[in-house]
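Enquirer: Pasted the sequence and its predicted model underneath.
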Amino acid sequence: MDELQAELLAAFASELAEHMAGIRAALADADAGRPVDLREFSRRAHSLKGAARAVELPESEAAAHEAEALILAIERGERAMDGAAIAELRRLADAIEDGAAPDTNDSATDIEPERRVAVSGHRVERLGRSLHVMATQIAEQGMVADRLNALAEDLAALSPLLATAGDSEAARRLRQATGELDRIRRLHGRLRDALDRSSAELERDGERLLLQPVATLFDGYERAVRDLATAEGKVARLRTTETDGEADRRVLNALRDPLLHVLRNAVRHGIETPDRRHRAGKEDTGTISIDTRIDRGRLIITVRDDGAGLDDAAIVARARAADLIPADAPPPRGQALHALLFEQGLSTADRLDEVAGRGIGLSVVAEVARRLHGSASIAPGSGGGTVVTIAVPVALTRRTLLMVEVGDTVCALPADAVRQVLRIDPADLSPSGAEVMLPVNGQPLPVTRLGDILGTAQADAAGPLRAVVLEAEGVRRVLIVDALRDVRALLVGDAAAIAADLPLVLGTVLTNGEVVLVLDPAQLVRDRASGRAASPYVAPQAEAQSRTILVVDDSITTRTLERSILEAQGYRVLVEVDGLAGLERLRSGLDAIDLVVADVEMPRMDGFALLAAIRNDPALKTLPVIMMTSRNSPDDIERGLSLGADAYVTKQDFDQGMLIGTVQQLI
């Protein structure tokens, strides 16, 4: 095949996919009794006829010509758009595709049409990894900033030694060096910010190269369902909802076979034969529908059928035969029973063949979903039939993660599995058998300390507890943590290299030069994740009178973080949005405030002005004040301390341990 012919066939393959998607959608509308744009239908058939002729595919050309003629007859009123016409058009659509295979499939990998650039998938993935490495290296520029700050501190320490030198050469050169250092630090800060923005945008552009329309996942499934049903002596149709979303091509490729297996199961175990459907008062043709949506970074695929539904008795019998249910134990019910369908070795097929999936059951579906950091579930449909739901991340390159602390350990939870972040009063917890329960939105949920699951020592903090409501596979559980750090979008790597024997670990991320484990929500919500039932949680007794801290910061993110850290230690925390509001709160005398944590840069009244007002007020002048700011130049620190600040914490070096330690020293 010469290069021109290969290019033409590749172009035809793209055009064929576009027009066939439109034709299949029109046939689905006609089958459902919805109006069909016959003129558009005819245009697509005509275009395919001419395109097939150009690339010398006579069988496709002939089928397209017949389809065009039939549509023309329907437009003229010579034929009705009835079941027979729809069946004939569907047969001709199949013939168009059959006539183009395998030539177009082979050529599509040789050369892409002119409007595309042929790039190998693994090279795009390698580009994504390289971009992430670059972003990590840029983030390490913070080390340069730390060294510049250390140098500034060294120079500042020399100032008293040279104070007696007057205008000596050493003093003059020290002043020059200090000024030059300040200029370098400002330049470095600007360059670092610019590089951060550029690398983030470049990384996003690289990730977009891996995206393709979700609708391409369903190419060929409509015909596959019809053929599978025919082989079973049944009649079935597939309906898909239109979606404009995009997902990582690796995700879509990994889902093709599992999704086809779900459709096989729907045909074999769900859809009944026409006579059984007729006796049940259903139409002879069974319907399988696929609905897709993208929610919070997850691709959710729901497959419904209007068949006979799940046979619980058959599931129990096969589960006992596979030793999934002990012979002397009562069978589980509801969701727990249906989840067994995803276990390896369980199949309710009465014979093994291509339609039944060779007896491997739905375990392959659950396995692929877990490998993609997602989940799969099966349940009875509300109006009968069966519903299978597969939820996976849209992209494999990055995931949004909630970073949490448990004892001395930092770990990450996929943000799409976090339903709520809670501040719990220990008095609201109530034992219930072996569990401890907490009412959340009117529903009692089991409560477990994450440290108990991980086998990590977890501090008993007085006062309110920090917790997250985690949901996976339709199950919710409240997990108590020591602290919530932040939410970050990070590249999740394979955990096999360092955590192969840890079933709770979904993957790893690199943050601040350290490897952090990403935990699997599906494992965390299960009772068996910890190997034992959750022990009743008993919170330590709080102090008879807790201390009150006023946090003054115009950033809602910063003050929320500081508030959560301090409240987790048992402090009562009040917040204000700027210095003027903070000063008014202090002077009102409504609250007995023991310490103030104030930002420097705020509207109306900044932190320095607030500090000066506190020190000049006889009623407030002894109140401890901690300055919290991103401005960490020696001049700013010296100014804050000279105004009477008791401590100065820079946000570059901020961590919860430093803040808590500083507070404990002052009150």
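Expert: Perfect, thanks for sending it.
Enquirer: Next, the contact list for S47, please.
Expert: Residues counted as contacts of S47 (C-beta atoms under 8 Å, 6 or more residues apart in numbering) are 15, 19. No exception for glycine: its C-beta is placed from N, CA and C like everyone else's.
Enquirer: Please tell me how far it sits from I71.
Expert: Remark: distance between S47 and I71 (C-beta to C-beta, to the nearest Å) = 13 Å.
Enquirer: before we move on, what about L583?
Expert: Applying C-beta to C-beta, one obtains 78 Å for the distance of L583 from I71.
Enquirer: ok, now G493?
Expert: For G493, the distance to I71 equals 52 Å [C-beta to C-beta].
Enquirer: Which one's more surrounded, these two?
Expert: Set G493 next to I71 and count neighbours by other C-beta atoms under 10 Å: I71 wins out with 26 against 16.
Enquirer: Not counting its neighbours along the chain, what's nearest the more buried one?
Expert: S42 (4.5 Å; C-beta to C-beta, 6 or more residues apart in numbering).
Enquirer: Isn't that neighbour up against L72?
Expert: Yes. Counting by C-beta atoms under 8 Å, S42 sits close enough to L72 to count as a contact (6.4 Å).
Enquirer: Looking at these two, which has the bigger crowd around it?
Expert: When neighbours are counted by other C-beta under 10 Å, S42 and L72 differ, and S42 comes out ahead with 18 against 15.
Enquirer: okay, the more buried one: pLDDT?
Expert: With respect to pLDDT, S42 scores 87.
Enquirer: now it, what's its secondary structure?
Expert: helix (DSSP: H, G, I helix; E, B strand; the rest coil).
Enquirer: same thing with G309?
Expert: Bear in mind the rule, three-state DSSP; under it G309 is coil.
Enquirer: is it true that it touches T386?
Expert: Yes. Here G309 lies in contact with T386, judged by C-beta under 8 Å, at a distance of 5.8 Å.
Enquirer: Let me know the pLDDT of K234.
Expert: On pLDDT, K234 comes in at 94.
Enquirer: Helices of the stretch 201-350 of the chain, residue ranges please.
Expert: Along the stretch 201-350 of the chain, the stretches classed as helices by DSSP state H, counting those that start in this stretch are 221-231, 249-265, 274-279, 312-321, 334-338.
Enquirer: Could you pull out the strands in the stretch 301-450 of the chain for me?
Expert: For the stretch 301-450 of the chain, the strands identified by DSSP state E, counting those that start in this stretch occupy 375-380, 386-393, 399-406, 409-414, 418-424, 430-432, 435-440, 443-449, in order along the chain.
Enquirer: contact partners of the longest strand seen in the chain?
Expert: When the chain is scanned for its longest strand (criterion: DSSP state E), the result is strand 286-295. In this structure, residues lying in contact with strand 286-295 by C-beta under 8 Å, 6+ apart are 214, 217-218, 221, 225, 229, 234-241, 243, 245, 247, 259, 263, 266-267, 270-272, 277, 299-307, 394.
Enquirer: what pairs with it, and is each one parallel or antiparallel?
Expert: According to DSSP bridges, the neighbouring strands of strand 286-295, each with its direction, are strand 236-240 (parallel), strand 298-305 (antiparallel).
Enquirer: who does whichever strand or helix holds E180 touch, helix- and strand-wise?
Expert: Taking DSSP states H and E as the criterion, the element that holds E180 is helix 169-208. In this structure, helix 169-208 packs against helix 121-139, helix 141-158, with contacts taken as 3 or more C-beta pairs under 8 Å, 6 or more residues apart in numbering; DSSP states H and E.
Enquirer: weakest of those helices in terms of mean pLDDT?
Expert: Across the helices and strands packed on helix 169-208, the stretch with the lowest average pLDDT is helix 121-139; it has a mean of 64.
Enquirer: So this protein: which segments form each domain?
Expert: The record, using automatic domain parsing to delimit domains, assigns the chain the ranges 3-108, 121-210, 213-393, 399-529, 548-666.
Enquirer: got the angle between the helix holding E180 and helix 141-158?
Expert: For helix 169-208 and helix 141-158, the angle between their directions (axes from the mean of the first three to the mean of the last three C-alpha atoms, to 10 degrees) works out to 170 degrees.
Enquirer: what residue ranges in the stretch 401-550 of the chain score low on pLDDT?
Expert: Across the stretch 401-550 of the chain, the ranges flagged by pLDDT under 70 are 433-434, 459-462, 494-503, 512-513, 527-545.
Enquirer: Just the buried residues of the longest strand of the chain, please?
Expert: For strand 286-295, the buried set under the neighbour-count rule, 16 or more other C-beta atoms under 10 Å, comprises 286-290, 292.
Enquirer: just to revisit the earlier point, and the domains of the chain, which one's lowest on average pLDDT?
Expert: Ranked on mean pLDDT, the bottom entry among these is domain 121-210, at a mean of 70.
Enquirer: In this structure L263 contacts I301, no?
Expert: No. Counting by C-beta under 8 Å, L263 does not reach I301; the two are 11.3 Å apart.
Enquirer: From A322, how far out is G334?
Expert: For G334, the distance to A322 under the criterion C-beta to C-beta works out to 19 Å.
Enquirer: Tell me which of these two has more neighbours.
Expert: Set G334 next to A322 and count neighbours by other C-beta under 10 Å: A322 wins out with 15 against 10.
Enquirer: Hmm, E343 and that one touching each other?
Expert: Yes. Here A322 lies in contact with E343, judged by C-beta under 8 Å, at a distance of 7.3 Å.
Enquirer: Looking at the strands of the stretch 301-450 of the chain, spot the one closest to R604.
Expert: Of all the strands of the stretch 301-450 of the chain, strand 418-424 sits nearest to R604, with 28.8 Å by C-beta to C-beta.
Enquirer: Can you give the contact residues for that closest one?
Expert: Applying C-beta under 8 Å, 6+ apart, the contact partners of strand 418-424 are 402, 438, 440, 447, 464-471, 476, 478, 480, 484, 564, 567.
Enquirer: mind redoing it with 10 Å?
Expert: Contacts to strand 418-424, defined as C-beta atoms under 10 Å, 6 or more residues apart in numbering, come from residues 296, 400-402, 404, 428, 438, 440-441, 445, 447, 463-471, 476, 478-481, 484, 487, 521, 537, 539, 560, 563-564, 567-568.
Enquirer: what's the answer for stretch 659-667, then?
Expert: Around stretch 659-667, the neighbours that count as contacts under C-beta under 10 Å, 6+ apart are 483, 547-549, 561-562, 565-566, 568-569, 571, 594-595, 597, 623-626, 628, 646-649, 655.
Enquirer: repeat that with 8 Å
Expert: Looking at stretch 659-667 with C-beta under 8 Å, 6+ apart, the contacting residues turn out to be 547, 549, 562, 565-566, 569, 571, 594-595, 597, 624, 626, 628, 646-647, 649.
Enquirer: any idea how far A152 is from D182?
Expert: D182 sits 8 Å away from A152, going by C-beta to C-beta.
Enquirer: again, but for L401
Expert: Relative to A152, L401 is positioned 34 Å away (criterion: C-beta to C-beta).
Enquirer: Comparing these two, which residue is more hemmed in?
Expert: Neighbours per residue (other C-beta under 10 Å) separate L401 from A152, with L401 holding more: 26 against 21.
Enquirer: Wait, that one touches R488, no?
Expert: Yes. With contacts counted by C-beta under 8 Å, L401 reaches R488, the gap being 5.8 Å.
Enquirer: what comes up buried for stretch 363-371?
Expert: Of all the residues in stretch 363-371, those buried under the rule 16+ other C-beta under 10 Å are 363-366, 368-370.
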